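> how does the following fold in three dimensions:
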Amino acid sequence: MGKNYGKVYITGAGCGDYDLITLRGLEAIKKCDVLIYDDLIDEKLLEYVPAGAEIIYMGKRNGRHSFLQQEINETIVKCAKSGKTATFGDSSKLCVGQDVCAIGNPLGDTFSLTLTNGIISAIDRGMTYNGHEMTLLQTNTALNEGNSGGALFNMQGQVVGITNMKMMSYYNSIEGIGFAIPSSTCKAVTDALIADGKVSGRTSIGITVGEIPDEAKEAYNLPSGLYVSDVSKGSDAEKQGIQKGDVITAFDGVECLTTSEVLKIKESLSVGDKMTLTVYRDGESFDVDITLMDTNDLYG
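Numbering: from 1, shown residues only. This is a model prediction of the structure:
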């Protein structure tokens, strides 16, 4: 149950068995400096946390946690009170073809601290996972289960990303398509978590969109734009009538064909700002003004 990082012990979401605890795990809790947990832990275990240790409750694991933030949270805890940490590099200065390497524990402790190397394959790759939109670095560095939350380094030893996912298929062989959260995103989130214990002020439109294949555009006579696959409950987009199946042809008057283009516009705005969506529905186009909301208010 959980993962032992020396004197830092994580338990709860993403850490395996929530019901059983090994002797080694219990001893780790007794000696920990930081304990992070969610609602699935047996709270009796908190009795073993030593006096003076920091206990952080991350909230309910309701299936809507930010995938991106969970990876960053884990990285913060790995570094907490270790006495020596790596420094962040500037991911905005990366270029395609630049050498990078990853350190992680692929497939568990047996292969702990494995180093793999590769290059930056793409920058600002728009990805969506469980309804969460992300702008990620793409790399051909070998990543496997257990690498997630580990650092992606440049050749100066600076952290330029946090590895978080790879492309897989049950039907085809896919190699060398991995992803990492850019350090520019990581640093903003880590600074907020360290200072306030939470991240606020991240804007959300309240919709999940995806690219429309050319074949679908031809078959259904759709315009160029992004297809709305989901509208978040409680969002202003829902309140203003945006529907699943709509096609958004422009965001604030700018035609967007990829999610990364939308993210750039969204990230230039603040919570409470207005955004104009140009919507195509049933052969007609019209504008809808929506108010951007705080991601925490929508997803917790």
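> where in this protein is pLDDT low?
Within the chain, the stretches with pLDDT under 70 are 1-28, 36-43, 57-84, 130-132, 169-171, 300.
> who does the longest strand belonging to it pair up with?
Ranked by residue count under DSSP state E, the longest strand found in the chain is strand 114-129. The strands that strand 114-129 pairs with in its sheet are strand 99-104 (antiparallel), strand 132-139 (antiparallel) (by DSSP bridges).
> what residues does the longest one touch?
Among residues not part of strand 132-139, those counted as contacts by CB atoms under 8 Å, 6 or more residues apart in numbering are 66-68, 91, 94, 100, 102, 118-128, 152, 160-161, 164-165, 177-182, 185, 208-209, 259-260, 262-263, 299. Any C-beta I mention is one placed from the backbone N, CA and C, and that applies to glycine too.
> select only the buried ones of these in ChimeraX?
Applying 16 or more other CB atoms under 10 Å to these, the buried members can be selected in ChimeraX as follows:
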select :66,67,68,91,94,100,102,118,120,121,123,125,126,127,128,152,160,161,164,165,177,178,179,180,181,182,185,208,209,259,260,262,263,299
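> now the strands for the stretch 201-300 of the chain?
203-204, 207-211, 226-231, 247-251, 274-281, 284-291, 293-294 (DSSP state E, counting those that start in this stretch).
> mind listing the strands the third one pairs with, and their directions?
Meaning strand 226-231. strand 207-211 (antiparallel), strand 247-251 (antiparallel).
> compute the inter-axis angle for the last one and strand 284-291.
It stands for strand 247-251. On the basis of axes from the mean of the first three to the mean of the last three CA atoms, to 10 degrees, strand 247-251 is oriented at 60 degrees to strand 284-291.
> which residues touch strand 247-251?
By CB under 8 Å, 6+ apart, the residues outside strand 247-251 that reach it are 207, 209, 212, 222-228, 255-256, 261-262, 265-266, 275-281, 285.
> buried ones only from those residues, please, as a ChimeraX command.
Buried subset of those, written as a ChimeraX selection, criterion 16+ other CB under 10 Å:
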select :207,209,212,225,226,227,228,256,261,262,265,266,275,277,278,279,280
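> tell me which stretches of the protein form helices.
Counting by DSSP state H, the segments of the chain that form helices are 23-31, 67-79, 183-196, 214-220, 236-239, 259-267, 295-299.
> ok, Gln156 to Asp99 distance?
10 Å (CB to CB, to the nearest Å).
> and those two? Which one has more around it.
Asp99 (12 against 8; other CB atoms under 10 Å).
> pretty sure the more buried one sits against Ser121.
No. Contact between Asp99 and Ser121 fails when scored by CB atoms under 8 Å: they sit 11.9 Å apart.
> how about Glu267: what's its closest non-neighbour residue?
Counting by CB to CB, 6 or more residues apart in numbering, Thr203 is the residue found nearest to Glu267 once chain neighbours are left out, at 7.1 Å.
> which residues does the closest residue to Met155 other than its chain neighbours bridge with?
With CB to CB, 6+ apart as the criterion, Met155 has its nearest non-adjacent residue at 5.3 Å, and that residue is Asp99. Applying DSSP bridges to Asp99 gives these bridge partners: Ile119.
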